[in-house]
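> A structural model of the following input is requested.
(2 chains)
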Amino acid sequence: MNSFKVQYTIDGEDFSVAGEASRKLKKVLQSLGVDPQIIRKATVAMYEGEINMVIHADGGVIDAEITPEKIHLFLRDKGPGIPDIALAMTEGFSTASDNVRELGFGAGMGLPNMEKYTDYMNIITEIGVGTTIEMIVNTSLS
Amino acid sequence: MKVNELVQKLELEVLCEGESFFSDIDGCFAGDLLSLAMSNVRAGNVWITVQTNMNILGIASLTEASCTIVANGMNIPDAVIEKAKDENICLLRSEKGMYELCLSVGELI
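Next up, the predicted model:
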């Protein structure tokens, strides 16, 4: 398998279609014959990131690069930034609105789940400028 | 047990059969926090929830749940049912609450 790149634009306006990019990535990974357990890890992490981009940042762009060794995800938004990354990484902490919570989100599990399901995660954020999250899921099962 | 057999036994309302209606059930998860569902629903699981918004279809599809049962007879927007049909996702409903459904599913599968 050669390197495969794909880009998804996340619409920040329509909450009801949040998750579409993750579903598309899943189909790509399936077509490339990636192990189902690896696909699960990558799609759960990307779904959480995608939802975060819709809830907090009015959308953004996700770049995915799939190589024989890893799935590399870059999530970029022009949202408000994360003031305290350690606090944001705390399970249960959320700044989501009541409106979003009523839909079943905003439980403060997004970023912790993203870290849990990936082999590497790095957050670069600047207040008022945006956030970039890099995630890697290794495709070898070991 | 297959999804269609569960539907018969529990007298579930079928809103959309989807592609997994005749497939095997493997386990169950009940819960309404979508992040929790996303990380806990396993392929083949029955997912029981009272959430009815469009995002349940994303969870059901990504996790490859065998079926999603909306408990307590919650009203489901027509647009969600239509989307389930478009996406071929098995969407069911019951008048029973989550506890009763969990007990019944637990006995049957």
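
> return the residues of chain A in contact with chain B.
Residues of chain A found near chain B (CB under 8 Å from any CB of the partner chain) are A:15-20, A:22-23, A:26, A:36, A:40, A:43-44, A:47-48, A:51, A:103-105, A:107, A:109-110, A:113, A:116-117. Every residue, glycine included, has its C-beta placed from N, CA and C.

> name the element the residue most central in space within chain B belongs to?
For chain B, the residue nearest the mean C-alpha position is B:Thr68 (1.0 Å; CA atoms, centre = their mean). Element membership for B:Thr68 (DSSP states H and E) is strand B:67-70.

> residues making contact with that strand?
B:3, B:6, B:12, B:18, B:20-21, B:25, B:46-52, B:56, B:59-60, B:76, B:89-94, B:101 (CB atoms under 8 Å, 6 or more residues apart in numbering or on different chains).

> what strands flank it, and is each parallel or antiparallel?
Sheet pairing of strand B:67-70 (DSSP bridges) gives strand B:46-49 (parallel), strand B:91-93 (parallel).

> please save the CA atoms from the helix or strand A:Met53 falls within in PDB.
Using DSSP H and E, A:Met53 sits within helix A:36-57. C-alpha atoms of helix A:36-57 as PDB (Å, rounded to 0.1, in the frame of the first residue of the first chain):
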ATOM      1  CA  PRO A  36     -11.000  -3.400  11.800                       C
ATOM      2  CA  GLN A  37      -9.500  -2.700  15.300                       C
ATOM      3  CA  ILE A  38      -7.200  -0.100  13.900                       C
ATOM      4  CA  ILE A  39     -10.100   1.400  11.900                       C
ATOM      5  CA  ARG A  40     -12.100   1.600  15.100                       C
ATOM      6  CA  LYS A  41      -9.400   3.500  17.000                       C
ATOM      7  CA  ALA A  42      -8.800   6.000  14.100                       C
ATOM      8  CA  THR A  43     -12.500   6.600  13.500                       C
ATOM      9  CA  VAL A  44     -13.400   7.100  17.200                       C
ATOM     10  CA  ALA A  45     -10.600   9.600  17.600                       C
ATOM     11  CA  MET A  46     -11.400  11.400  14.500                       C
ATOM     12  CA  TYR A  47     -15.200  11.500  15.300                       C
ATOM     13  CA  GLU A  48     -14.400  13.100  18.700                       C
ATOM     14  CA  GLY A  49     -12.200  15.600  17.000                       C
ATOM     15  CA  GLU A  50     -14.800  16.300  14.300                       C
ATOM     16  CA  ILE A  51     -17.500  16.900  16.900                       C
ATOM     17  CA  ASN A  52     -15.200  19.200  18.900                       C
ATOM     18  CA  MET A  53     -14.600  21.200  15.700                       C
ATOM     19  CA  VAL A  54     -18.300  21.600  15.200                       C
ATOM     20  CA  ILE A  55     -19.100  22.400  18.800                       C
ATOM     21  CA  HIS A  56     -16.300  24.800  19.600                       C
ATOM     22  CA  ALA A  57     -14.600  26.100  16.400                       C
END
